[in-house]
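J.: return atomic coordinates for the entry below.
(one chain, ligands or ions: 1)
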Amino acid sequence: MKTLLKNGLIADGSGKPLYKADVLLSGNVIEKIAENVVAEDAEIVDCTGLVVAPGFIDAHSHNDFFYDYPDAEKFYRPFLRQGITTQITGNCGFSPFGIAADSKFKDKVGGGLFHAKNPGSFKEFVSSAEGNLFVNVVPLVGHGTTRISVSGYDPTPLSPSQIEEEMKLVDEAMENGAFGGSFGFMYEPGMYSKTDELLAFASRIQKYDGILTIHPRAESKVALGYPLISKPHIEIALDEIIDIMEKTKVRTEYSHLIFVGKSSWPSVEPMLKKLHDYNEKGFRIAYDCYAFTYGASVITIVLPPWYLALSKEDRKKPFNMFKLKVMTYLTKVLLGIDFCDFTVAYVSDEHKQYEGKTVSECAREEGLSDFDMYIKLVDLSNGQGRLYLDKYYNDQIINRLMTDDLSVFMTDAWVEEAGTQNGAAFQCFPYFLVRAKQNDIPLESVVRKMTGATAERFKIPQRGFLKEGYYADVTVFDYDNVKVDPKTPDFTPKGIKHVFVNGEAVVKDEVYSAKTAGKVILKK
Ligand SMILES: [Zn+2]
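T.: Now for the predicted structure:
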């Protein structure tokens, strides 16, 4: 099977300026890149006026949890439609593997956010995923999962022998081809781990020359668990990450660098400066970011733990309500967000009327105060609802990050079974292309952050670049006509013309056809 991509503009993933050439795909590899390639036996795809790029690499994904679902395909389709062919998975401490065969906590993997259907070892993951993947997967082992394997959600610090037990699970994954590991400091049980355990995990990843991705303990100026009068909590959280990196020398990826709430935005420059300073000192730390100003969150996001711990009856008592009202007000002011920044994603199957509206809009419709409406939604969802929270960034911050040397791009999104979808699952990479065009950011540098830069950072072999002999992951797009609709989260972007995964066309003339052409990529 040969395909000849004729007369395209090549953005090869290295960041060098675009040039005109033909690209010949043969089987699952790129056979030739040159002007005027002739191949009698190849199917010819006219790429005149189109950009031919390596398949996009999503630097932060959770899509390792869905490959064994009966309806798996729907979880991958929107990513392929945006041109993504490879995803780095196992982030935020969650991976569906890293669980001992005799663990008592197998059913607990996923931290409440995800559900692993077949939790097991890394080797078991590889063999069950092979042949069932719609995209390529670059697996990381989640620290949270290895800790769940040992002690479930128990907050008690691990003993030295329990830490050793955890490290055996890390060894199993790393020896068999995982690319690194991940921490999730905002999630159970990773949030309970003490320094000795965290350093043991980071050193073990470093021993195999793996990368460590870290979901920080705070992503805003104020966060729970920090003293109120101090430097911004998001900056203290970065210090914790840097401390782990300095002590272990592990290659470090700050996961999804976001600045939640307006009051966090003054931290952008000091944090970028710190990251650059450490690179100059010889450490390897960088970050990923995304193209939307909002992100997914739980409905209880601004509710304090004392309130969540109350019974239903106690929550309704006037004193508790008053205290909550004051605290919620303060939280909003300190963060620099408001109820108009909360878009309802899901309440329950019985309350679909709220989906896609902000809490303030719902309040106006029902003649309630914003606060009362918010509490009503929390109650209607039994605290299980979802929100999209705006003010992660503004447009200027996204531009700043897009043009910074240390950033690569990611979605951190997954397809939801119900309710409003996360726009990043459907449109994030094309949205970067649109932003590049609007702001005159050189296309070659943006493509590099979607492809080659990520492959280099995660040490993914033979992908991320258009090079002869490399795997035939290719995305062809019409740069002048890429269209997104951020207000319609599940909009299918326009202008992503052709997508090849390991040489197989999964999108052709913007028509998608499902193929399990993906692979588990293993670290060499
Ligand atoms: Zn995360």
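
J.: now do stretch 401-416: distance from first to last residue.
T.: Stretch 401-416 has an end-to-end distance of 27 Å (C-alpha to C-alpha, to the nearest Å).

J.: ok, stretch 91-107 next?
T.: For stretch 91-107, the end-to-end distance is 19 Å (C-alpha to C-alpha).

J.: and the helices in the stretch 51-200 of the chain?
T.: 73-81, 122-129, 143-151, 160-175, 195-207 (DSSP state H, counting those that start in this stretch).

J.: which ones are touching residue 102?
T.: Applying C-beta atoms under 8 Å, 6 or more residues apart in numbering, we find residue 102 in contact with no residue. For the C-beta atoms, the positions are set from N, CA and C on the backbone; glycine is no exception.

J.: get me the contact residues on the protein for the ion.
T.: Within the chain, the residues that sit near the ion (C-beta under 5 Å from the ion) are 92, 215.

J.: show me how the chain divides into domains.
T.: Domain ranges of the chain: 55-296+391-459, 298-389, per automatic domain parsing.

J.: average pLDDT for the shortest one?
T.: In this case it means domain 298-389. Mean pLDDT, computed over domain 298-389, is 92.

J.: can you check stretch 69-79 too?
T.: 96.

J.: stretch 456-474 now?
T.: Rounded mean pLDDT across stretch 456-474 is 98.

J.: go through it and flag the buried ones.
T.: By neighbour count on 16 or more other C-beta atoms under 10 Å, the buried set for stretch 456-474 is 457-458, 460, 463-467, 470-474.

J.: mind exporting that stretch as PDB, just the C-alpha atoms?
T.: Included here for stretch 456-474 are C-alpha records, laid out as PDB according to Å, rounded to 0.1, in the frame of the first residue of the first chain:
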ATOM      1  CA  GLU A 456      12.100  15.100  21.400                       C
ATOM      2  CA  ARG A 457      10.900  15.900  24.900                       C
ATOM      3  CA  PHE A 458       9.400  12.500  25.500                       C
ATOM      4  CA  LYS A 459      12.100  10.700  23.400                       C
ATOM      5  CA  ILE A 460       9.500   9.100  21.100                       C
ATOM      6  CA  PRO A 461      11.500   7.200  18.500                       C
ATOM      7  CA  GLN A 462      10.900   7.800  14.800                       C
ATOM      8  CA  ARG A 463       7.900  10.000  15.100                       C
ATOM      9  CA  GLY A 464       7.100  13.700  15.200                       C
ATOM     10  CA  PHE A 465       9.000  14.500  12.100                       C
ATOM     11  CA  LEU A 466       8.500  14.000   8.400                       C
ATOM     12  CA  LYS A 467      11.700  12.100   7.600                       C
ATOM     13  CA  GLU A 468      12.500   9.200   5.300                       C
ATOM     14  CA  GLY A 469      12.300   6.000   7.300                       C
ATOM     15  CA  TYR A 470      10.100   7.500  10.000                       C
ATOM     16  CA  TYR A 471       6.600   6.100  10.700                       C
ATOM     17  CA  ALA A 472       3.900   7.400   8.400                       C
ATOM     18  CA  ASP A 473       1.900   9.500  10.900                       C
ATOM     19  CA  VAL A 474       0.900  12.400   8.800                       C
END
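
J.: give me the distance between it and the centre of its chain.
T.: 20 Å (C-alpha atoms, centre = their mean, to the nearest Å).

J.: assign the residue nearest to residue 361 when sequence neighbours are not counted to helix, strand or coil.
T.: Distances taken as C-beta to C-beta, 6 or more residues apart in numbering put residue 340 closest to residue 361, at 8.0 Å, once the chain neighbours are dropped. Secondary structure assignment for residue 340 (DSSP: H, G, I helix; E, B strand; the rest coil): helix.

J.: run a quick neighbour tally on residue 340.
T.: Number of residues near residue 340 (other C-beta atoms under 10 Å) recorded here: 13.

J.: ok, it - contacts?
T.: Going by C-beta under 8 Å, 6+ apart, the list of residues near residue 340 reads 358-361, 370.

J.: export the domains of the chain to CSV and tack on distance to residue 521?
T.: Listed next are those as CSV, based on distance: least, C-beta to C-beta, whole Å:
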stretch, distance to residue 521
domain 55-296+391-459, 5
domain 298-389, 31
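
J.: right, so the ones you listed: which one is the most enclosed?
T.: Highest mean neighbour count among the domains of the chain (mean count of other C-beta atoms under 10 Å): domain 55-296+391-459, with a mean of 21.

J.: which of the contacts of residue 340 lies closest to residue 400?
T.: Residue 400 lies nearest to residue 358 out of the contacts of residue 340, by C-beta to C-beta, at 26.3 Å.

J.: of the contacts of residue 340, which is the nearest to residue 172?
T.: residue 359 (45.3 Å).

J.: would you agree the closest one is in contact with residue 342?
T.: Yes. Because the distance of 4.4 Å satisfies C-beta atoms under 8 Å, residue 359 is recorded as touching residue 342.

J.: tell me the residues that contact both of these two, please.
T.: residue 374.

J.: re the thing from before, dump the helices of the stretch 51-200 of the chain into JSON lines; add distance to residue 59 as well.
T.: What follows is the helices of the stretch 51-200 of the chain, written out as JSON lines (distance: least, C-beta to C-beta, whole Å):
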{"stretch": "helix 73-81", "distance to residue 59": "13"}
{"stretch": "helix 122-129", "distance to residue 59": "19"}
{"stretch": "helix 143-151", "distance to residue 59": "18"}
{"stretch": "helix 160-175", "distance to residue 59": "19"}
{"stretch": "helix 195-207", "distance to residue 59": "17"}
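
J.: where's residue 274, which helix or strand?
T.: Taking DSSP states H and E as the criterion, residue 274 maps to helix 268-280.

J.: ok, and what's touching the helix or strand just after that helix?
T.: With elements assigned by DSSP H and E, the helix or strand that comes after helix 268-280 is strand 285-289. For strand 285-289, the external contacting residues (C-beta under 8 Å, 6+ apart) are 59-60, 241-242, 245, 251-258, 275, 278-279, 393, 398, 401-402, 406-410, 457.

J.: any idea of the mean pLDDT in the host helix or strand of residue 3?
T.: Under the criterion of DSSP H and E, residue 3 resides in strand 2-10. In this model, strand 2-10 has an average pLDDT of 98.

J.: partners of it, with directions?
T.: strand 19-26 (antiparallel), strand 43-46 (parallel), strand 51-54 (parallel) (DSSP bridges).

J.: alpha carbons only: can I get the first one in CSV?
T.: Taking C-alpha atoms only, strand 19-26 is exported to CSV below (Å, rounded to 0.1, in the frame of the first residue of the first chain):
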residue,chain,number,x,y,z
TYR,A,19,9.1,24.0,1.5
LYS,A,20,7.4,22.3,-1.4
ALA,A,21,7.8,18.6,-1.9
ASP,A,22,6.1,15.3,-2.4
VAL,A,23,5.8,12.7,0.3
LEU,A,24,5.6,9.0,-0.5
LEU,A,25,4.1,6.7,2.2
SER,A,26,4.9,3.0,1.8
